[in-house]
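S.K.: here is a sequence together with a model predicted from it:
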Amino acid sequence: ETGVTQSPTHLIKTRGQQVTLRCSSQSGHNTVSWYQQALGQGPQFIFQYYREEENGRGNFPPRFSGLQFPNYSSELNVNALELDDSALYLCASRQGAGLTTEAFFGQGTRLTVV
Amino acid sequence: GIQVEQSPPDLILQEGANSTLRCNFSDSVNNLQWFHQNPWGQLINLFYIPSGTKQNGRLSATTVATERYSLLYISSSQTTDSGVYFCAVVLSNDYKLSFGAGTTVTVRA
(Lines give C-alpha, C1' and ligand atoms only; values in the text may rest on other atoms or scores of the structure.)
Protein backbone atom coordinates (compact mmCIF):
# COMPACT_ATOMS: atom_id res chain seq x y z
CA GLU A 1 0.00 0.00 0.00
CA THR A 2 1.50 3.33 -1.05
CA GLY A 3 1.04 6.44 1.07
CA VAL A 4 0.27 9.98 -0.01
CA THR A 5 2.93 11.38 -2.31
CA GLN A 6 3.44 14.98 -3.41
CA SER A 7 5.55 16.57 -6.11
CA PRO A 8 7.69 18.51 -6.38
CA THR A 9 9.22 18.64 -2.89
CA HIS A 10 10.64 22.13 -3.35
CA LEU A 11 9.85 24.90 -5.79
CA ILE A 12 10.99 28.48 -6.33
CA LYS A 13 8.77 30.82 -8.35
CA THR A 14 8.72 34.51 -9.16
CA ARG A 15 5.92 36.81 -8.04
CA GLY A 16 3.14 36.87 -10.65
CA GLN A 17 3.86 33.40 -12.00
CA GLN A 18 1.57 30.38 -11.83
CA VAL A 19 2.34 27.07 -10.11
CA THR A 20 0.87 23.56 -10.12
CA LEU A 21 1.40 21.16 -7.23
CA ARG A 22 0.51 17.48 -7.45
CA CYS A 23 -0.72 14.86 -5.03
CA SER A 24 -1.32 11.14 -5.33
CA SER A 25 -3.74 9.86 -2.74
CA GLN A 26 -3.23 6.78 -0.64
CA SER A 27 -4.51 3.57 -2.18
CA GLY A 28 -8.29 3.21 -1.60
CA HIS A 29 -8.79 6.86 -0.66
CA ASN A 30 -11.21 8.99 -2.70
CA THR A 31 -11.09 12.28 -0.79
CA VAL A 32 -8.21 14.71 -1.09
CA SER A 33 -7.76 18.00 0.74
CA TRP A 34 -5.07 20.67 0.55
CA TYR A 35 -3.59 22.77 3.34
CA GLN A 36 -1.23 25.72 3.48
CA GLN A 37 1.22 25.96 6.37
CA ALA A 38 3.06 29.23 6.88
CA LEU A 39 6.24 29.20 8.93
CA GLY A 40 5.55 28.74 12.63
CA GLN A 41 1.81 28.16 12.21
CA GLY A 42 -0.59 25.24 11.97
CA PRO A 43 -1.88 24.13 8.56
CA GLN A 44 -4.83 26.06 7.13
CA PHE A 45 -7.49 24.35 5.01
CA ILE A 46 -7.63 25.42 1.34
CA PHE A 47 -10.19 23.04 -0.22
CA GLN A 48 -11.31 19.44 -0.48
CA TYR A 49 -12.28 17.16 -3.38
CA TYR A 50 -14.47 14.08 -3.22
CA ARG A 51 -14.97 11.99 -6.35
CA GLU A 52 -13.70 14.80 -8.60
CA GLU A 53 -16.01 17.47 -7.11
CA GLU A 54 -14.96 20.28 -4.78
CA ASN A 55 -17.05 19.82 -1.63
CA GLY A 56 -15.50 22.33 0.72
CA ARG A 57 -13.38 25.45 0.58
CA GLY A 58 -11.54 27.53 3.14
CA ASN A 59 -10.86 31.25 3.21
CA PHE A 60 -8.59 31.42 0.17
CA PRO A 61 -9.02 33.62 -2.94
CA PRO A 62 -10.16 32.21 -6.30
CA ARG A 63 -6.62 32.25 -7.66
CA PHE A 64 -6.23 29.07 -5.61
CA SER A 65 -7.93 26.35 -7.63
CA GLY A 66 -7.79 22.60 -7.89
CA LEU A 67 -8.70 19.44 -9.69
CA GLN A 68 -9.23 15.82 -8.79
CA PHE A 69 -8.79 13.13 -11.43
CA PRO A 70 -10.63 9.80 -11.90
CA ASN A 71 -7.77 7.98 -10.14
CA TYR A 72 -8.32 10.41 -7.19
CA SER A 73 -4.99 12.15 -7.59
CA SER A 74 -5.21 15.93 -7.33
CA GLU A 75 -3.64 19.19 -8.37
CA LEU A 76 -3.45 22.54 -6.62
CA ASN A 77 -3.01 25.53 -8.93
CA VAL A 78 -2.09 28.99 -7.75
CA ASN A 79 -2.20 31.91 -10.19
CA ALA A 80 -0.62 35.34 -9.87
CA LEU A 81 1.72 34.24 -7.09
CA GLU A 82 2.32 36.64 -4.23
CA LEU A 83 5.19 36.70 -1.76
CA ASP A 84 2.80 35.64 1.02
CA ASP A 85 2.06 32.42 -0.88
CA SER A 86 5.46 31.16 0.25
CA ALA A 87 4.61 28.23 2.49
CA LEU A 88 4.55 24.45 2.89
CA TYR A 89 1.62 22.98 0.95
CA LEU A 90 0.28 19.74 2.35
CA CYS A 91 -2.06 17.25 0.74
CA ALA A 92 -4.14 14.80 2.76
CA SER A 93 -6.21 11.85 1.65
CA ARG A 94 -8.86 9.74 3.36
CA GLN A 95 -11.59 7.30 2.53
CA GLY A 96 -15.09 8.67 1.95
CA ALA A 97 -16.67 12.08 2.28
CA GLY A 98 -17.76 11.46 5.83
CA LEU A 99 -16.31 13.27 8.78
CA THR A 100 -15.10 10.33 10.78
CA THR A 101 -12.30 8.83 8.72
CA GLU A 102 -8.62 9.28 9.45
CA ALA A 103 -6.63 11.66 7.23
CA PHE A 104 -3.09 10.88 6.07
CA PHE A 105 -0.68 13.54 4.82
CA GLY A 106 2.02 13.65 2.19
CA GLN A 107 5.50 15.04 2.78
CA GLY A 108 4.53 18.46 1.44
CA THR A 109 5.76 20.87 -1.22
CA ARG A 110 7.78 23.83 0.01
CA LEU A 111 7.01 26.80 -2.25
CA THR A 112 9.16 29.91 -2.18
CA VAL A 113 7.97 33.00 -4.06
CA VAL A 114 10.65 35.61 -4.78
CA GLY B 1 -15.31 29.19 13.97
CA ILE B 2 -13.95 26.45 16.11
CA GLN B 3 -11.05 27.30 18.34
CA VAL B 4 -8.33 24.74 18.91
CA GLU B 5 -5.86 25.65 21.60
CA GLN B 6 -2.74 23.69 22.41
CA SER B 7 -0.59 24.02 25.49
CA PRO B 8 2.14 24.53 26.30
CA PRO B 9 3.46 26.24 23.16
CA ASP B 10 6.99 25.06 23.91
CA LEU B 11 8.33 22.21 26.00
CA ILE B 12 11.95 21.38 26.79
CA LEU B 13 12.60 17.93 28.24
CA GLN B 14 15.56 15.97 29.44
CA GLU B 15 15.84 12.57 27.80
CA GLY B 16 13.87 10.03 29.82
CA ALA B 17 11.35 12.51 31.18
CA ASN B 18 7.58 12.22 30.83
CA SER B 19 5.30 14.96 29.53
CA THR B 20 1.69 15.84 28.80
CA LEU B 21 0.46 17.96 25.91
CA ARG B 22 -3.05 19.38 25.98
CA CYS B 23 -5.57 20.26 23.28
CA ASN B 24 -8.75 22.19 24.09
CA PHE B 25 -11.49 22.69 21.52
CA SER B 26 -14.47 24.98 21.59
CA ASP B 27 -17.23 22.79 20.10
CA SER B 28 -18.28 19.17 19.69
CA VAL B 29 -16.20 17.19 17.22
CA ASN B 30 -16.51 14.09 15.05
CA ASN B 31 -12.81 13.54 14.58
CA LEU B 32 -9.66 14.34 16.49
CA GLN B 33 -6.16 13.47 15.37
CA TRP B 34 -2.70 13.99 16.86
CA PHE B 35 0.25 14.48 14.52
CA HIS B 36 4.00 14.81 14.87
CA GLN B 37 5.60 17.04 12.27
CA ASN B 38 9.10 15.89 11.41
CA PRO B 39 11.95 18.30 10.52
CA TRP B 40 11.16 17.85 6.82
CA GLY B 41 7.58 18.98 7.28
CA GLN B 42 5.66 15.72 6.98
CA LEU B 43 2.78 15.19 9.38
CA ILE B 44 3.07 11.76 10.92
CA ASN B 45 -0.15 10.25 12.28
CA LEU B 46 0.05 9.45 15.97
CA PHE B 47 -3.57 8.87 16.97
CA TYR B 48 -7.07 9.05 15.55
CA ILE B 49 -8.99 9.53 18.79
CA PRO B 50 -12.37 11.29 18.77
CA SER B 51 -13.00 9.78 22.20
CA GLY B 52 -11.50 7.34 24.67
CA THR B 53 -7.92 6.28 25.32
CA LYS B 54 -5.32 4.72 23.05
CA GLN B 55 -1.71 3.69 23.50
CA ASN B 56 1.07 3.10 21.03
CA GLY B 57 4.40 2.27 22.61
CA ARG B 58 5.63 5.20 24.69
CA LEU B 59 2.82 7.41 23.47
CA SER B 60 -0.75 7.44 24.65
CA ALA B 61 -3.71 9.76 24.18
CA THR B 62 -7.00 10.43 25.89
CA THR B 63 -9.92 12.44 24.55
CA VAL B 64 -12.81 13.51 26.78
CA ALA B 65 -15.22 14.77 24.15
CA THR B 66 -17.88 15.88 26.64
CA GLU B 67 -15.36 18.19 28.30
CA ARG B 68 -13.77 19.20 24.99
CA TYR B 69 -10.16 18.32 25.54
CA SER B 70 -7.55 15.76 24.56
CA LEU B 71 -4.22 14.88 26.13
CA LEU B 72 -1.13 13.37 24.55
CA TYR B 73 1.30 11.64 26.89
CA ILE B 74 4.94 11.05 26.05
CA SER B 75 6.75 8.72 28.42
CA SER B 76 10.51 8.10 28.67
CA SER B 77 11.14 10.77 26.04
CA GLN B 78 13.89 10.31 23.46
CA THR B 79 15.68 12.85 21.29
CA THR B 80 13.77 11.51 18.30
CA ASP B 81 10.55 12.74 19.94
CA SER B 82 11.63 16.31 19.23
CA GLY B 83 9.47 18.26 16.81
CA VAL B 84 6.10 19.95 16.62
CA TYR B 85 2.99 18.14 17.82
CA PHE B 86 -0.34 19.17 16.35
CA CYS B 87 -3.87 18.47 17.44
CA ALA B 88 -6.52 18.71 14.69
CA VAL B 89 -10.29 18.37 14.92
CA VAL B 90 -13.30 18.12 12.60
CA LEU B 91 -16.43 19.86 13.85
CA SER B 92 -19.64 17.85 14.01
CA ASN B 93 -21.07 19.76 11.03
CA ASP B 94 -17.84 20.41 9.14
CA TYR B 95 -15.58 18.64 6.70
CA LYS B 96 -12.11 20.03 7.31
CA LEU B 97 -9.41 19.49 9.88
CA SER B 98 -8.87 22.57 12.04
CA PHE B 99 -5.39 22.63 13.55
CA GLY B 100 -4.07 24.09 16.73
CA ALA B 101 -0.89 26.17 16.70
CA GLY B 102 1.16 23.21 17.86
CA THR B 103 3.49 22.38 20.76
CA THR B 104 7.19 22.45 19.97
CA VAL B 105 8.97 19.71 21.94
CA THR B 106 12.73 19.68 22.38
CA VAL B 107 14.26 16.63 24.04
CA ARG B 108 17.86 17.09 25.20
CA ALA B 109 20.30 14.21 25.61
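M.R.: Looks like it came in fine. Numbers count the residues shown, from 1 in each chain, chains lettered A, B, ... in the order given.

S.K.: setting aside sequence neighbours, what's the nearest residue to the residue of chain B found nearest chain A?
M.R.: Nearest residue of chain B to chain A, counting by Cβ to the nearest Cβ: B:Phe99, 3.4 Å away. In short, each C-beta sits where N, CA and C put it, glycine included. Nearest non-adjacent residue to B:Phe99, counting by Cβ to Cβ, 6 or more residues apart in numbering or on different chains: A:Gly42, 3.4 Å away.

S.K.: tell me the contacts of the one you found?
M.R.: Contacts for A:Gly42 (Cβ atoms under 8 Å, 6 or more residues apart in numbering or on different chains) come out as B:Val4, B:Phe86, B:Ala88, B:Phe99, B:Gly100, B:Ala101, B:Gly102.

S.K.: per-residue confidence for it?
M.R.: pLDDT, A:Gly42: 95.

S.K.: go on, A:Leu99?
M.R.: Looking at A:Leu99, its pLDDT is 66.

S.K.: now do B:Gln3
M.R.: At B:Gln3, the model reports a pLDDT of 86.

S.K.: next up, the contacts around it.
M.R.: Applying Cβ under 8 Å, 6+ apart to B:Gln3 gives the contacts B:Asn24, B:Phe25, B:Ser26.

S.K.: switch the cut-off to 10 Å
M.R.: If a contact means Cβ atoms under 10 Å, 6 or more residues apart in numbering or on different chains, then B:Gln3 has B:Asn24, B:Phe25, B:Ser26, B:Asp27, B:Val89, B:Ser98, B:Gly100 as its contacts.

S.K.: can you put those residues in a markdown table and add neighbour count?
M.R.: A markdown table is the format used below for the contacts of B:Gln3 (neighbours: other Cβ atoms under 10 Å in any protein chain shown):
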| residue | neighbour count |
| --- | --- |
| B:Asn24 | 15 |
| B:Phe25 | 23 |
| B:Ser26 | 14 |
| B:Asp27 | 15 |
| B:Val89 | 29 |
| B:Ser98 | 23 |
| B:Gly100 | 22 |
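
S.K.: would you agree the residue nearest to B:Phe99 falls within a helix?
M.R.: No - counting by DSSP: H, G, I helix; E, B strand; the rest coil, A:Gly42 falls outside a helix, being coil.

S.K.: still on that earlier bit, can you select the buried ones among the contacts of A:Gly42 for me in PyMOL?
M.R.: Restricted to buried positions by 16 or more other Cβ atoms under 10 Å in any protein chain shown, the PyMOL selection for the contacts of A:Gly42 reads:
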select buried, chain B and resi 4+86+88+99+100+101+102
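
S.K.: most widely separated two among the contacts of A:Gly42?
M.R.: Greatest spacing in the contacts of A:Gly42, by Cβ to Cβ: B:Ala88 and B:Ala101 (11.3 Å).

S.K.: who touches both of the two?
M.R.: Joint contacts of B:Ala88 and B:Ala101 (Cβ under 10 Å, 6+ apart) are A:Gly42, B:Val4.

S.K.: okay, buried residues for stretch A:85-101 please.
M.R.: Those would be A:85-94, A:97, A:99, A:101, for stretch A:85-101 by 16+ other Cβ under 10 Å.

S.K.: of those, which one scores lowest on pLDDT?
M.R.: Checking pLDDT across the buried residues of stretch A:85-101, the minimum falls on A:Leu99 at 66.
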